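A.B. asks: turn this into a structure:
(one chain, ligands or ions: 1)
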Amino acid sequence: MANIVWKRSLLCAFFSNAKIQSVISKRNIYIKEYFTNLICLSHQKMYQTIILGSILLISLYISKRIRETKLNMPPLARYKIPIIGHTYSYIFNSEEFIKQCKKEYGDIFSIYVWGRVRTIVGKEYAQEILSKDDTFSFFVAFRKRFPGDVLLKNLGAISPIKLLKEHVFPKLNFYSERMQKSLHPATQKYIDIDIGDHDEPKVFNNMYYLMARIISTPIANILIGEVNDEIITTFAEFTRDLSIFLIIPPFLDFIYPGLQNYVNRIVIKSGLYNPAIKHQDILIKHIKKQACKRLQEKEKYGDSWKRPDDFLQDIMEQDGFDSNNVDYSSLADRICSLLFAAIHTTTGGCANAFMDLASRPQYMQELYEEQLEVHKEADEDGILPFEALNKMKKLDSFIRESLRLTGHIVALEHAVLKDHTFLNGLQVPKDRLVYVYVDDVNQDESLQGPNPKSFEPFRHVDANALASKIGKNYMPFGGGKHACPGRYFAINEIKFFMHNVILKYNFRTASGKVEERRRVGPLALPSSGAIIIEKRVK
Ligand code: HEM
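C.D. replies: Numbering: from 1, shown residues only. Prediction:
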């Protein structure tokens, strides 16, 4: 239609002639008739589709209800407002609400949130969810909420998890020097530059974004070698930009569960909004430049060429990699998927640990003394051997305590892949979403020791419990077969970062108080409170 209007105005502009005008208006009548017929026809079809679709949905719903009524399902907490159910309490008062539900309904219960019944599982049965990967899936639950496959549509069949397990995680020892060599200058760049040469204390507001840049630098270096500011920005901001699809409340799910994700996918597919594109373009440009340079140098220098040791080079040397026909979009998407798993999680852990220490400066001296001792093993460039990480026992315990008290009330959302009977006889149906009540795990004295909810930084020192050691009392990295494989990498990076800043700076909260986590419904984010940093006087 727009095309016709455009053509008509063009014709009129050139020939303002009555004959032409009359021909055009006659043709317009035909067009109008044509469209009216078309709309009538499509209305008929549309009504047919709606009726058939509704019948299908109703029969699916009835058959699902018949199947579910045969199960011994967890009690559904009472609610007063239909459709809204428990959504309000879950979002605005999750800690108290879930605690009350557990008190009233027991270890496993269901709530009605965002148009869907969801099951919350307390500490007694949490391991069942994490250990049975044929029944519960973190990945499937994530896919139901996040349109990752349309954002990264060139990911291909190769699993990035497999690539990480083959090429990055077995080389943590080798990468530890590189990690420090890029982490320390990045810390210097983003913290020292602002402090300048003066020894005046400096206030930093919302350290998270700064921290994301610092944490991204070694990860970028290990994944793709040479980096620049544009790449660091992409690494640091990719997850934040895409998280919009997780942050926007799923209001459409009140109409039909899953509708919000469906609409999000249409928005991305139709090209209306896709926050991944600008980052993919930057990565493609950069990877292409790097890969071409490497291929040319290899050709030129032959056997004497020193291959760069990073993830990109490992992928380029895999069987099936065709250097004459490189699929850069697929390479970029594989890197993007790793950013989603690695950057925001490690940044969050690091920001929390930093904030927790700034909130409790009374522990600074003890940690400083440990780092000073450990630093005796550093070489002339200040680089520590990999083994030195094991000697940061107090720091490790501090980081574990910070991760333990990450602050989520319920987390580790899993989709049920087939009907399941818990050990207490309660059953959840296929397709149900289940969550671990992690605050229940953290509140338990028998699992955590005395004062389970209070931050006691050295409680793990003699407990043979490293920050990376998962278990039924510690779930920031999930558990079972799919427990986070990147946890050793993440803990190493946080330790190297903390070691360096404890030796160089004194830091405290500007408020002089403990800065609590920011609550977003049942989840928690690092505090954005201001921090005062000053250079340490040696
Ligand atoms: C403090 C930092 C991190 C936290 C808190 C964290 C947390 C998690 C959690 C909760 C899971 C789900 C586990 C489950 O299903 O039970 C997970 C999975 C995963 N994480 Fe992490 N992660 C962190 C850092 C990293 C890093 C640095 C990488 C990569 C370099 C990474 C790669 C992965 C991968 C590939 C998976 C999927 C594992 C699978 O499905 O088998 N993570 N992570």
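A.B. asks: gap between stretch 362-378 and the chain center?
C.D. replies: 32 Å (C-alpha atoms, centre = their mean, to the nearest Å).
A.B. asks: and it, what's buried?
C.D. replies: Within stretch 362-378, the residues that count as buried by 16 or more other C-beta atoms under 10 Å are 363-364, 367, 370-371, 374. Quick note: C-beta positions are derived from backbone N, CA and C, even for glycine.
A.B. asks: out of those residues, which one sits closest to the ligand?
C.D. replies: Each of the buried residues of stretch 362-378 was scored against the ligand by C-beta to the nearest ligand atom, and L367 proved nearest at 19.0 Å.
A.B. asks: how far away is that closest one from I284?
C.D. replies: 43 Å (C-beta to C-beta, to the nearest Å).
A.B. asks: still on that earlier bit, same list (the buried residues of stretch 362-378) but as JSON lines, adding pLDDT and distance to the ligand.
C.D. replies: Shown next, in JSON lines, are the buried residues of stretch 362-378 (pLDDT from 0 to 100; distance: C-beta to the nearest ligand atom, whole Å):
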{"residue": "Y363", "pLDDT": "98", "distance to the ligand": "20"}
{"residue": "M364", "pLDDT": "97", "distance to the ligand": "22"}
{"residue": "L367", "pLDDT": "98", "distance to the ligand": "19"}
{"residue": "E370", "pLDDT": "98", "distance to the ligand": "21"}
{"residue": "Q371", "pLDDT": "98", "distance to the ligand": "20"}
{"residue": "V374", "pLDDT": "98", "distance to the ligand": "21"}
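A.B. asks: where does the protein have low pLDDT?
C.D. replies: 1-43, 61-69, 193-198, 538 (pLDDT under 70).
A.B. asks: can I get stretch 347-360 in PDB? Just the C-alpha atoms.
C.D. replies: What follows is stretch 347-360, C-alpha atoms only, in PDB (Å, rounded to 0.1, in the frame of the first residue of the first chain):
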ATOM      1  CA  THR A 347      32.200  -9.900  38.100                       C
ATOM      2  CA  GLY A 348      29.300 -10.300  40.500                       C
ATOM      3  CA  GLY A 349      31.400 -12.600  42.700                       C
ATOM      4  CA  CYS A 350      34.300 -10.200  42.600                       C
ATOM      5  CA  ALA A 351      32.200  -7.100  43.300                       C
ATOM      6  CA  ASN A 352      30.600  -8.900  46.300                       C
ATOM      7  CA  ALA A 353      33.900  -9.900  47.800                       C
ATOM      8  CA  PHE A 354      35.300  -6.400  47.300                       C
ATOM      9  CA  MET A 355      32.200  -4.800  48.800                       C
ATOM     10  CA  ASP A 356      32.100  -7.300  51.700                       C
ATOM     11  CA  LEU A 357      35.700  -6.400  52.600                       C
ATOM     12  CA  ALA A 358      35.100  -2.700  52.200                       C
ATOM     13  CA  SER A 359      32.100  -3.200  54.500                       C
ATOM     14  CA  ARG A 360      34.200  -4.900  57.200                       C
END
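A.B. asks: who touches it?
C.D. replies: 207-208, 211-212, 214-216, 236, 363-364, 367, 398-399, 401-403, 406, 455, 457, 476, 490, 493-494, 497-498, 501-502, 507-509, 513-515, 517, 525-527, 529, 531 (C-beta atoms under 8 Å, 6 or more residues apart in numbering).
A.B. asks: and those, which of them are in helices?
C.D. replies: Using DSSP state H, 207-208, 211-212, 214-216, 236, 364, 367, 398-399, 401-403, 490, 493-494, 497-498, 501-502 are the members of the contacts of stretch 347-360 that sit in helices.
A.B. asks: what about the helices in the stretch 201-350 of the chain?
C.D. replies: 207-224, 229-242, 244-247, 259-269, 276-301, 311-316, 328-359 (DSSP state H, counting those that start in this stretch).
A.B. asks: and L152, how many residues sit next to it?
C.D. replies: 22 (other C-beta atoms under 10 Å).
A.B. asks: thought it was touching I335?
C.D. replies: No. The pair L152 / I335 is not scored as a contact, 9.9 Å apart, by C-beta atoms under 8 Å.
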